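Peer 1: pasting the sequence and the predicted model now:
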2 protein chains.
Amino acid sequence: MKKFQIIYNDFRNKIVNGTYAAGQALPKEADVCETFGVSKMTAKRAFDMLVSDGFIVKQRGKGTFVQDISPAEMEILAEANQFLGTTALNPKKSVTSSVLHFETISVPLDVADKLNISPIEQVYDILRVRQVDGMPMVIEHTYMPIKTIPDLSLKNVESSIYNYIEHKLNLKIASARRTISARKATGEEAALLMLRKNDPVVEVKQIGYLADGVAFENSTSIHRYDEYEFEIVLHRKN
Amino acid sequence: MKKFQIIYNDFRNKIVNGTYAAGQALPKEADVCETFGVSKMTAKRAFDMLVSDGFIVKQRGKGTFVQDISPAEMEILAEANQFLGTTALNPKKSVTSSVLHFETISVPLDVADKLNISPIEQVYDILRVRQVDGMPMVIEHTYMPIKTIPDLSLKNVESSIYNYIEHKLNLKIASARRTISARKATGEEAALLMLRKNDPVVEVKQIGYLADGVAFENSTSIHRYDEYEFEIVLHRKN
DNA sequence: AAGTGGTCTAGACCACATT
DNA sequence: ATGTGGTCTAGACCACTTC
């Protein structure tokens, strides 16, 4: 474990469990350096990560303080933070997939632009409905270039594509660009999600990237409006 | 301007305008150090910011490369990134507010928890409909503690509360926690937004924080489903 | 073996807040 | 004047990739 991670974890735990309460001052950088036997840059790095995650604020000339958050809200904040597929997000529940389409096609033009590939390339065209404990939660329409994700099988698609990519192909999923909006469900969507036509759905468009920067996935997910919530901490620039 | 910002801006511009194309290698850290006359930590910091914003990827042992993004998508990425109020987000359009409620009340219990204040404190209770070029876009229901934001006037509420906070009170708005979900519009919401009852709306709940970590705002915004979109770049932790 | 980025140091000096 | 965090340096050493 890296030194900055040790320091980050230590203070994160003490903030979440209330050892450091809302508004309370944390030790100054110089003390952290001494306590953990690290240099200033390393202590600063750990604190900067806590700022980024919304736990603390730093004020030049004054000190470092726990963000003004109630214990109940602190719990929620501690649980938030990550980006994962549906399987990993529901580790305690049974996640299953019904595969409605799974074929290889020439890439549609708009998808070619998002994946930044030539319009003559082939992609998987995958349509799945994912259930949590048997209840349909989301329709996922995914395109993936076959040259990047070779030999994808129906079995992979039925269980977890991310698992295949990371543990069979040994590729690292690194980041994603996501757009979130809402609209009315079409009749087909409503039927699949057990909603009525024109009920609200959340539409999440995502472009996924591997650690080498290559786009490997362009997906559109249609979520039941009553089963989707997206949380984030935002920081103003400057 | 800080050195790391100069380097960040330089490469950001060259990536957005195509001087460095998708997949292309950027200079190695050592070269950046020499070119800009900075140390390794400073060059690294600038590149780490570009990673965070989704422009590049770094691969240990190999080098640094532009993310695999088409020129069209690069434009979109370059425009994204920030958190601002409605006024600032629509600088070219006329943003107006209809104030439906503006009173001072004892804080509701759930709001007291989000703002982490005592249940006997007073807060502004503000209900506004905000229009862009005359079209109703969003209903904002905002609570703010009067002790943190004193002397808020109807005039401020009619124009821009953020402007009052930042330029009259000289407080710095630093961060926010946001939750995004969708649901059906109530009859009242539909009337205000010129929708039909049960049409989709996007519900954005936000807790805003000042630079000293104090929560100054708890708001719920109801957006027309066809006029709201939220974009973000996410990174996987490890 | 050579080349790349990642972590970390032990300081120096600066900017802002408080006394 | 003192104390705080912010920027930056000039390295050392490590981890991973490629040859």
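Peer 2: It's in. Residues are numbered from 1 along each chain as shown, chains lettered A, B, ... in the order given.

Peer 1: rest of the way, CA atoms for contacts and neighbours
Peer 2: Noted.

Peer 1: ok, the residue lying closest to A:I173 once chain neighbours are set aside - contacts?
Peer 2: Here the nearest residue to A:I173 in space, its sequence neighbours aside, is A:L210; by Cα to Cα, 6 or more residues apart in numbering or on different chains that works out to 4.4 Å. Remark: with contacts taken as Cα atoms under 8 Å, 6 or more residues apart in numbering or on different chains, A:L210 is in contact with A:L171, A:K172, A:I173, A:A174, A:S175, A:F216.

Peer 1: can I get the buried ones among these as something I can paste into ChimeraX?
Peer 2: A single ChimeraX command suffices to select whichever of the contacts of A:L210 are buried according to 16 or more other Cα atoms under 10 Å in any protein chain shown:
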select /A:171,172,173,174,175,216
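
Peer 1: where's the residue nearest to A:I173 relative to A:A30, distance?
Peer 2: Using Cα to Cα, to the nearest Å, we find A:L210 at a distance of 38 Å from A:A30.

Peer 1: and what of A:L169?
Peer 2: 45 Å.

Peer 1: what's stretch A:156-172 in contact with?
Peer 2: Among residues not part of stretch A:156-172, those counted as contacts by Cα under 8 Å, 6+ apart are A:G85, A:T87, A:T96, A:S97, A:S98, A:V99, A:I149, A:L152, A:I173, A:L210, A:A211.

Peer 1: would you mind naming what in chain A lies close to DNA strand D?
Peer 2: Taking Cα under 7 Å from any atom of the strand as the criterion, chain A approaches DNA strand D at residues A:26-30, A:40-41, A:44, A:58-64.

Peer 1: now the two most distant members of the residues you listed.
Peer 2: A:M41 and A:K62 (18.4 Å; Cα to Cα).

Peer 1: more crowded one of the two?
Peer 2: A:M41 (13 against 10; other Cα atoms under 10 Å in any protein chain shown).

Peer 1: low-confidence ranges in chain A?
Peer 2: Across chain A, residues meeting the criterion (pLDDT under 70) sit at A:81-82, A:84-91, A:238.

Peer 1: nearest residue to the middle of it?
Peer 2: By Cα atoms, centre = their mean, the mean C-alpha position of chain A lies nearest to A:F83, the distance being 1.4 Å.

Peer 1: return the residues in contact with that one.
Peer 2: B:L234, B:H235, B:R236.

Peer 1: next: A:R178.
Peer 2: By Cα under 8 Å, 6+ apart, the contact set of A:R178 is A:V204, A:K205, A:Q206, A:I207, B:E231, B:I232, B:V233, B:L234.

Peer 1: partner strands of the strand or helix carrying it, parallel or antiparallel?
Peer 2: Using DSSP states H and E, the secondary-structure element containing A:R178 is strand A:173-184. When sheet partners are counted by DSSP bridges, strand A:173-184 sits next to strand A:200-210 (antiparallel), strand B:230-235 (antiparallel).

Peer 1: hmm, that strand in reach of DNA strand C?
Peer 2: No. Contact check for strand A:173-184 against DNA strand C, using Cα under 7 Å from any atom of the strand: none in range, with a minimum separation of 12.5 Å.

Peer 1: how far off centre is that strand?
Peer 2: A distance of 9 Å separates the centroid of the chain from that of strand A:173-184, by Cα atoms, centre = their mean, to the nearest Å.

Peer 1: I'd like the next helix or strand past that strand.
Peer 2: Past strand A:173-184, further along toward the C-terminus, the next helix or strand under DSSP H and E is helix A:187-193.

Peer 1: ok, back up a step: tell me which of the strands paired with strand A:173-184 sits nearest to DNA strand C.
Peer 2: The closest approach between DNA strand C and any of the strands paired with strand A:173-184, judged by Cα to the nearest atom of the strand, belongs to strand B:230-235 at 13.5 Å.

Peer 1: then the closest one to CSV, C-alphas only?
Peer 2: As requested, C-alpha coordinates have been extracted for strand B:230-235 and formatted as CSV (Å, rounded to 0.1, in the frame of the first residue of the first chain):
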residue,chain,number,x,y,z
PHE,B,230,-25.8,15.9,-17.3
GLU,B,231,-22.4,14.9,-18.6
ILE,B,232,-19.5,13.5,-16.6
VAL,B,233,-16.2,11.7,-17.0
LEU,B,234,-15.7,8.9,-14.5
HIS,B,235,-12.5,7.1,-13.6
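
Peer 1: quick one: distance of that strand to the chain centre.
Peer 2: On the basis of Cα atoms, centre = their mean, strand B:230-235 is displaced by 12 Å from the centre of the chain it belongs to.

Peer 1: likewise for stretch A:190-198?
Peer 2: 26 Å.

Peer 1: can you pull the alpha-carbon coordinates of it into CSV?
Peer 2: Once non-C-alpha atoms are left out, stretch A:190-198 reads as follows in CSV (Å, rounded to 0.1, in the frame of the first residue of the first chain):
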residue,chain,number,x,y,z
ALA,A,190,-42.3,-0.1,-21.2
ALA,A,191,-43.2,-3.7,-21.9
LEU,A,192,-39.6,-4.8,-21.2
LEU,A,193,-39.4,-2.8,-17.9
MET,A,194,-42.9,-3.6,-16.8
LEU,A,195,-43.9,0.1,-17.1
ARG,A,196,-46.6,1.9,-19.1
LYS,A,197,-45.9,3.6,-22.3
ASN,A,198,-44.8,7.2,-21.8
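
Peer 1: what are the buried residues along it?
Peer 2: Going by neighbour count (16+ other Cα under 10 Å), the buried part of stretch A:190-198 is A:A190, A:L193, A:L195, A:R196, A:N198.

Peer 1: does chain B sit close to it?
Peer 2: Yes. Part of stretch A:190-198 sits near chain B under the criterion Cα under 8 Å from any Cα of the partner chain, namely A:N198.

Peer 1: need the residues that contact that stretch.
Peer 2: A:129, A:136-139, A:184-189, A:199, A:224, B:199.

Peer 1: of all those, which two lie farthest apart?
Peer 2: A:V129 and B:D199 (23.7 Å).

Peer 1: which of those two has more neighbours?
Peer 2: Neighbours were counted for A:V129 and for B:D199 using other Cα under 10 Å; A:V129 has more, 23 against 20.

Peer 1: now, of the residues of chain A next to DNA strand D, which are buried?
Peer 2: For these, burial is judged from neighbour counts taken by 16+ other Cα under 10 Å, and it is met by A:L26, A:E29, A:K44, A:K58, A:T64.

Peer 1: how about the helices in chain A?
Peer 2: A:3-16, A:29-36, A:40-52, A:71-79, A:86-89, A:109-115, A:154-158, A:161-163, A:187-193 (DSSP state H).

Peer 1: CA atoms only: put the second one into CSV for me.
Peer 2: Listed next in CSV are the C-alpha coordinates belonging to helix A:29-36 (Å, rounded to 0.1, in the frame of the first residue of the first chain):
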residue,chain,number,x,y,z
GLU,A,29,0.2,19.2,7.3
ALA,A,30,3.4,19.4,9.3
ASP,A,31,2.0,17.2,12.0
VAL,A,32,0.8,14.6,9.5
CYS,A,33,4.3,14.6,8.0
GLU,A,34,5.7,13.9,11.4
THR,A,35,3.1,11.3,12.5
PHE,A,36,3.4,9.3,9.4
